[in-house]
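>>> Could you work out the structure for the sequence below:
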Amino acid sequence: MKNLKSFLFVIVVSLVFMPSIFAQVTFTNYQTQDGLPDNFINGGIAIDQSNNVWAGTTMGLAMFDGTTWTTYTTADGLIDDYIDCVSMDNANNVWVGTSSGLSKFDGTNFVNYTDADGIENGTIIYIAPGIGNDVWIATYSGITKFDGTSFTNFNAADGLPSDDILSYILCDDAGVLWIGTWANGVMKYDGTNFTYAYNTGNGLLGDFVGGIAIDDQGNKLIATYAGISVFSPADIWVEDYTVEEGLYLSVVKDIALDDNGRIYAGEYADYLAEGSVTVFDGTNWNIYKVADGLVDILIKRIKIDHNGNAWIATGNGISKMSLYSSVESNNLISSAVVYPNPCTSYVTVANVSENFSYQVYDVTGKNITDKTSLSGNLIDVDALQKGVYFIRFEDAQNVYSAKIQKN
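Residues are numbered from 1 along each chain as shown. The predicted structure is shown next:
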């Protein structure tokens, strides 16, 4: 009984001091007037270990420390000011890809690499960190690995299935490479062999790949120009996400996942002059466009920082998208209790009127359940997925809030 009383006391205290919640999405936009050297963020975004943002523009490399943008150009040692891609390696070096070759920046000095240093083609499309010191580079002649000392090139003669133009590289925790192409879906490199993993012949929605993400369960989410396809860790097709499911457009330029498992899809169709960022939280699809605060329709790349903010590179600047639950004041004191917590099928609300209404919100502040004039003290949570939720409920006299864990 003592433990039960202590448990209920904790719930009561949390109800006394817990405010009610509402969803809030904030866009903070950056353009030349804010310190960017140019608004066309052609090279995308990289986030370093200190949560600094690095942006590849057409007039140099820009770094944002949370307050100020600093620009690096050829005058500082950069190989070319027109940047096509930017990435971080595992040692926190910035890698910049251009049509003139590569630049590696350690925060102080630039080191530049061209065909003369061993890259088969100095026109760089994409850069991604591998395992350890490895850096993988997509060029117009295949794929190149830099091991910290030397370059190793792979093309059709070295094991690539063909001379596909490559669009994306992602190295998983096991060191396996997942390589997006512009015409033949996704290739896989296990350290020995290159093979085609996914294409329209085995379930992929489209063979033009914009981006790849891997969730905590090992599922691969492939962004294509026909929507998003999901494949299991065993490389079996699971499901597709298209406009019918909730995407704004089928042309998905990039995809990113935050720590809460939310999917961010950057969409842009030039032939429609339409673009947006669509966010899927596992239940709800939410579309964000220029009217909602996005800086531009031309989406290039999306990167999630260490605080869960999405940084969106566009053709007219950068949007920082902060998606979180905010609070409103609730100073009412109540003796109400909510139990059990954690819960599985239902929770009981005690010490309130038998007639009350309630709303259930997920961690983004999205309202997913709204019941009015409910008689009785049970709240059914059986249909909710596992995770953290907030319940806002009220009787004739008061308003209360509670945080629950659904197992």
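>>> The spatially most central residue of the chain sits in which helix or strand?
When the chain is reduced to its mean C-alpha position, the nearest residue by CA atoms, centre = their mean turns out to be Ala256, at 2.6 Å. Taking DSSP states H and E as the criterion, Ala256 maps to strand 252-257.
>>> Could you spell out the sheet neighbours of the helix or strand following that strand, each with its direction?
Tracing the chain C-terminally past strand 252-257 and defining elements by DSSP H and E, one meets strand 263-269 next. In the sheet, strand 263-269 lines up against strand 252-257 (antiparallel), strand 274-280 (antiparallel) (DSSP bridges).
>>> could you dump strand 263-269 to PDB, C-alpha only?
Written as PDB, here are the backbone C-alpha positions of strand 263-269 (Å, rounded to 0.1, in the frame of the first residue of the first chain):
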ATOM      1  CA  ILE A 263       9.700  10.700 -41.600                       C
ATOM      2  CA  TYR A 264      10.500  14.000 -43.300                       C
ATOM      3  CA  ALA A 265      10.000  13.900 -47.100                       C
ATOM      4  CA  GLY A 266      11.300  16.800 -49.200                       C
ATOM      5  CA  GLU A 267       9.200  17.000 -52.400                       C
ATOM      6  CA  TYR A 268       9.600  19.200 -55.400                       C
ATOM      7  CA  ALA A 269       8.200  18.800 -59.000                       C
END
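>>> Let me know the average pLDDT across the strand holding Ala256.
Taken as a whole, strand 252-257 carries a mean pLDDT of 98.
>>> hmm, who's touching that strand?
Applying CB atoms under 8 Å, 6 or more residues apart in numbering, the contact partners of strand 252-257 are 44, 210-213, 215, 221-225, 227-228, 263-268, 299-304, 310. (C-beta placed from N, C-alpha, C; glycine too.)
>>> pretty sure Phe283 belongs to a strand, no?
You called it Phe, but residue 283 is Thr. No. With the criterion set as DSSP: H, G, I helix; E, B strand; the rest coil, the secondary structure at Thr283 is coil rather than a strand.
>>> Quick check: ChimeraX command selecting the buried ones in the contacts of strand 252-257.
Restricted to the buried members of these, where burial is judged by 16 or more other CB atoms under 10 Å, the ChimeraX selection command reads as follows:
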select :44,210,211,212,213,221,222,223,224,225,227,228,263,264,265,266,267,268,299,300,301,302,303,304,310
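>>> Can you list which of the contacts of strand 252-257 are found in strands?
Counting by DSSP state E, the members of the contacts of strand 252-257 that fall within strands are 44, 210-213, 221-224, 227-228, 263-268, 299-304, 310.
>>> what comes up buried for stretch 81-90?
Buried-residue list, stretch 81-90, by 16+ other CB under 10 Å: 81-89.
>>> Tell me the gap between it and the middle of its chain.
In terms of CA atoms, centre = their mean, to the nearest Å, the centre of stretch 81-90 is found 18 Å from the chain centre.
>>> and if you look at stretch 175-185?
Between the mean C-alpha location of stretch 175-185 and the chain-wide mean there is a distance of 19 Å, by CA atoms, centre = their mean.
>>> Quick check on the closest residue to Thr200 other than its chain neighbours: phi, psi?
Of all residues not flanking Thr200 in the chain, Asp207 sits nearest, at 5.5 Å (CB to CB, 6 or more residues apart in numbering). Taking degrees, to the nearest 10, you get phi -90, psi -10 for the backbone angles of Asp207.
>>> Please name the residues that touch Asp207.
For Asp207, the contacting residues are 181, 183-185, 199-200, 224, taking CB under 8 Å, 6+ apart as the criterion.
>>> so how far is Ala183 from it?
From Asp207 over to Ala183 the distance is 6 Å, taken as CB to CB, to the nearest Å.
>>> next one: Ala55
The separation that Ala55 has from Ala183, given CB to CB, amounts to 29 Å.
>>> higher neighbour count, these two?
Just comparing Ala55 and Ala183: by other CB atoms under 10 Å the higher neighbour count belongs to Ala55, 29 against 12.
>>> Quick check: which element contains the more buried one?
Judged by DSSP H and E, Ala55 forms part of strand 53-57.
>>> by how many degrees do that strand and strand 299-304 diverge?
With axes from the mean of the first three to the mean of the last three CA atoms, to 10 degrees as the criterion, the two stretches strand 53-57 and strand 299-304 enclose an angle of 170 degrees.
>>> Direction included, what does strand 53-57 pair against?
According to DSSP bridges, strand 53-57 forms sheet pairs with strand 44-47 (antiparallel), strand 60-64 (antiparallel).
>>> which residues touch the residue lying closest to Thr224 once chain neighbours are set aside?
Distances taken as CB to CB, 6+ apart put Gly206 closest to Thr224, at 3.5 Å, once the chain neighbours are dropped. Gly206 makes contacts with 200, 224-227, as judged by CB under 8 Å, 6+ apart.
>>> if you set the cut-off to 10 Å instead, what comes out?
For Gly206, the contacting residues are 185, 199-200, 222-229, 250-252, taking CB atoms under 10 Å, 6 or more residues apart in numbering as the criterion.
>>> Farthest-apart pair in those, please.
Asn199 and Val251 (17.8 Å; CB to CB).
>>> which of the two has more neighbours?
Val251 (24 against 18).
>>> Wait, that one touches Glu267, no?
Yes. Look at Val251 against Glu267 with CB atoms under 10 Å: they come within range, at 5.8 Å.
>>> that older thread, now do the shared contacts for Asp207 and Ala183.
What both Asp207 and Ala183 touch, as defined by CB under 10 Å, 6+ apart, is the set 164, 199.
>>> Please report phi then psi for Val360.
Dihedral angles (degrees, to the nearest 10) for Val360: phi -110, psi 130.
>>> which residues does it bridge with?
For Val360, the residues forming beta bridges with it (DSSP bridges) are Thr369, Ile391.
>>> To what extent is it buried, counted in neighbours?
When neighbours are counted by other CB under 10 Å, Val360 registers 21.
>>> No more questions from me, cheers.
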